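# heads up, no residue letters with this:
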């Protein structure tokens, strides 16, 4: 475990030795902040227009926080490929992959360390949204528990997509290709539910819809914690990391 944490720490720090971490955090903070401003502005205007002897009550969780954190999950589709594209691809391009594979750390330790390093940066990016959400607690009285559930969904979804991106990063030494393919796969998993909208009751549609990451995040964004959604994300993380270990094993044999 100590080796895993060392790799995770090294990976996390490497993001901040280049502009990538600052750019991603600034990009997310700017886009999320704009969405926060727009949502609160429209809600205040709507509330004022519906006044009948006094302002109408506003459910901040349903009308602002839920949609905002759903918006954050969409933004992550663009950010996660930028986080994962360098994890293994850069090691292969610079030739340090041989040193990594011949180190005393086993493949599982390397994979978990790389994935955890990416997760730490992802959590830092998500933290940029907390500032805006905290402001709502000064403005109104939202329910705290649904906010935690929604953030748990964001973390699980991010972990799932990061694991997929890590797998793809082991398959090429070109970071642009790794990032592009990761974005395509993430977008495909996000759009799967759209493909089944015309025939949602068929068996094939239900299976395809189950594989859509956005389907499982919907309950989290509404503040509902469902075991099947948690199991889905954890299963996807395990499966992607398992395939990554097989890919790393093939790299070890070829090196």
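Here it is on my side, so go on. Worth saying up front: this structure is predicted, and the values here are computed from it rather than measured.
# from here on, contacts and neighbour counts on C-alpha atoms
OK.
# remind me which residues of the stretch 151-255 of the chain are low pLDDT?
195-202, 205, 251-255 (pLDDT under 70).
# in it, which spans are helices?
Secondary structure of the stretch 151-255 of the chain (DSSP state H, counting those that start in this stretch): helices located at 175-195, 203-210, 213-221, 227-254.
# how about those in a markdown table, adding mean neighbour count and distance to residue 19?
A markdown table is the format used below for the helices of the stretch 151-255 of the chain (neighbours: other Cα atoms under 10 Å; distance: least, Cα to Cα, whole Å):
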| stretch | mean neighbour count | distance to residue 19 |
| --- | --- | --- |
| helix 175-195 | 19 | 16 |
| helix 203-210 | 16 | 37 |
| helix 213-221 | 22 | 29 |
| helix 227-254 | 16 | 27 |
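# identify whichever of those lies nearest to residue 60.
Among these, helix 213-221 comes nearest to residue 60, with 12.6 Å by Cα to Cα.
# show me what the closest one is packed against.
The helices and strands touching helix 213-221, judged by 3 or more Cα pairs under 8 Å, 6 or more residues apart in numbering; DSSP states H and E, are helix 66-84, helix 144-169, helix 175-195, helix 227-254.
# residues making contact with stretch 114-122?
The contact list for stretch 114-122 (Cα atoms under 8 Å, 6 or more residues apart in numbering) reads 7-12, 15, 21, 80, 83-84, 87, 158-159, 162-163, 166.
# from residue 234, how far off is residue 206?
20 Å (Cα to Cα, to the nearest Å).
# just to revisit the earlier point, whichever of the contacts of stretch 114-122 end up buried, select them in PyMOL.
To isolate the buried members of these in PyMOL, using 16 or more other Cα atoms under 10 Å:
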select buried, resi 7+8+9+11+12+15+21+80+83+84+87+158+159+162+163+166
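# roughly how far out does stretch 222-232 sit from the chain middle?
Relative to the centre of its chain, stretch 222-232 is centred 16 Å away, using Cα atoms, centre = their mean, to the nearest Å.
# what's the closest of the helices and strands packed on helix 213-221 to residue 29?
Across those, closest to residue 29 is helix 66-84 (Cα to Cα), at 10.0 Å.
# list the buried ones in that closest one?
In terms of neighbour count (16+ other Cα under 10 Å), helix 66-84 has its buried residues at 66-73, 76-84.
# which strands or helices does it pack on?
Helix 66-84 is packed against helix 20-49, helix 107-139, helix 144-169, helix 175-195, helix 213-221, with contacts defined by 3+ Cα pairs under 8 Å, 6+ apart.
# contacts for the shortest one?
Applying Cα under 8 Å, 6+ apart, the external contacts of helix 213-221 come out as 66-67, 69-70, 146, 149-154, 157, 189-191, 193, 209-210, 225-226, 229, 232.
# could you tell me the angle between it and helix 144-169?
160 degrees (axes from the mean of the first three to the mean of the last three Cα atoms, to 10 degrees).
# and helix 213-221, how far from the chain's centre?
Relative to its chain's centre, helix 213-221 lies at 12 Å (Cα atoms, centre = their mean).
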